[in-house]
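J.: Sequence and predicted structure are below.
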Amino acid sequence: MTTRLDKRFARLKAEARAGFITFITAGDPDFDTTLAILKGLPGAGADVIELGMPFTDPMADGPAIQASTQRALKAGASMMKTLELVRRFRAGDSDTPIVLMGYYNPIYHMGVELFLSRATEAGVDGLIVVDLPPEEDDELCEPAMRAGLNFIRLATPTTDDRRLPAVLANTSGFVYYVSINGITGSASPEARNVAAAVARIKRHTSLPVAVGFGIRTPEQAAEIARNADGAVVGSAIVDAIAAEIDAQGRVKPGAADRVLDFVRKLADGVHGARATAAE
């Protein structure tokens, strides 16, 4: 089965460019603003969208994404509303892949079978569940694969050559390389180290390798995109959303447009990276 992610990365390869992968938290700062940003992301240059599933204990995330999760939950975010965002997005976009990213607890709470049924019906393409190791693949990974969803694994600087085959065993869609040790948004990646890590992972798999954590500017995104198949930006976009909330907690008029303008600058950095390198 060829998925939307497979098709998107095949197209990117044919066009000899890296993909731009964006992350936002579902329901941050509210449902309507998330939907407006979500719908605008492809036009702003996003090739793949990661949509965070709000959870009360996002232990792998830094302050920016933790705060976005709290805003979303305060505004009434839930798994059902997250899937409704995907459904509404999908009504106008049948091509852009959407990956749900987060933790197992909200999925477990809904029930794996029910969640997978509703996710596929809504138009979800893949899952990144950061707290389920390969040893627990029968819990969610294998059922997700049977349902036609890509299951995307994280590799880190500490994932050595002995561990990597286990990480990659049931991975599909792409491999997400976490370029720094620690929580999201905590540091900036070194392009030289990233290039070596991507090359090492590619010795073990033919899957695309996308790199995230710590990319905050168009220049950093371009550096990563010269060596990876995709560059992931999350905390910087979440910070741009946070800047659109006033002191009373209200969303400023025109917020979605300004966030998407920032996304467009990041996308230009990613999409122009290899052309610049070839000159």
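T.: Looks like it came in fine.
J.: Only C-alpha atoms from now on, for both contacts and neighbour counts.
T.: OK.
J.: outside of stretch 152-167, which residues touch it?
T.: Residues outside stretch 152-167 that contact it (C-alpha atoms under 8 Å, 6 or more residues apart in numbering) are 126-130, 133-134, 168, 171-181, 197, 201, 204.
J.: Now, the residues you listed that are in helices?
T.: Among the contacts of stretch 152-167, the ones falling in helices (DSSP state H) are 168, 197, 201.
J.: Save those residues as CSV, and put in pLDDT, neighbour count and distance to Q70 too.
T.: Putting the ones in helices among the contacts of stretch 152-167 into CSV (pLDDT from 0 to 100; neighbours: other C-alpha atoms under 10 Å; distance: C-alpha to C-alpha, whole Å) gives the following:
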residue, pLDDT, neighbour count, distance to Q70
L168, 95, 20, 32
A197, 92, 22, 33
I201, 95, 22, 34
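J.: Can you go through the contacts of stretch 152-167 and name the buried ones?
T.: For those, a neighbour count by 16 or more other C-alpha atoms under 10 Å gives the buried set as 126-130, 134, 168, 171-180, 197, 201.
J.: Excluding covalently adjacent residues, which one is nearest to H204?
T.: P165 (7.2 Å; C-alpha to C-alpha, 6 or more residues apart in numbering).
J.: Pull out the buried positions in the helix or strand encompassing that neighbour.
T.: Per DSSP states H and E: P165 is located in helix 164-168. By neighbour count on 16+ other C-alpha under 10 Å, the buried set for helix 164-168 is 164, 167-168.
J.: likewise stretch 254-270?
T.: Residues 255-256, 258-260, 262-270 are the ones in stretch 254-270 that count as buried (16+ other C-alpha under 10 Å).
J.: from the residues you listed, which is closest to A225?
T.: Closest approach to A225 among those (C-alpha to C-alpha): V270, at 5.6 Å.
J.: Okay, and that closest one sits in which element?
T.: Per DSSP H and E: helix 255-271 holds V270.
J.: ok, of the buried residues of helix 164-168, which one's closest to A147?
T.: The closest of the buried residues of helix 164-168 to A147 turns out to be L168 (C-alpha to C-alpha; 18.9 Å).
J.: just curious, which of the buried residues of helix 164-168 is nearest to R192?
T.: Out of these, the member with the shortest distance to R192 (by C-alpha to C-alpha) is L164, at 20.3 Å.
J.: Let's see the pLDDT reported for that closest one.
T.: We have a pLDDT of 95 for L164.
J.: can you offset everything so residue one is 343?
T.: I'll keep to 343 as the first residue from here, and by that count the last item is L506.
J.: if I look at it, how far off is T547?
T.: To T547, L506 is 10 Å away according to C-alpha to C-alpha, to the nearest Å.
J.: phi, psi of the residue lying closest to G361 once chain neighbours are set aside?
T.: Spatially, and ignoring its direct neighbours in sequence, G361 is nearest to G572 (4.3 Å; C-alpha to C-alpha, 6+ apart). G572 has phi and psi values of phi -160, psi 150 when expressed as degrees, to the nearest 10.
J.: Return the residues in contact with G572.
T.: Counted by C-alpha under 8 Å, 6+ apart, G572 has contacts 360-363, 550-553, 566.
J.: before we move on, what about E561?
T.: By C-alpha under 8 Å, 6+ apart, the contact list for E561 reads G611.
J.: Surely F362 is in a helix?
T.: No. Going by DSSP: H, G, I helix; E, B strand; the rest coil, the assignment for F362 is strand, not a helix.
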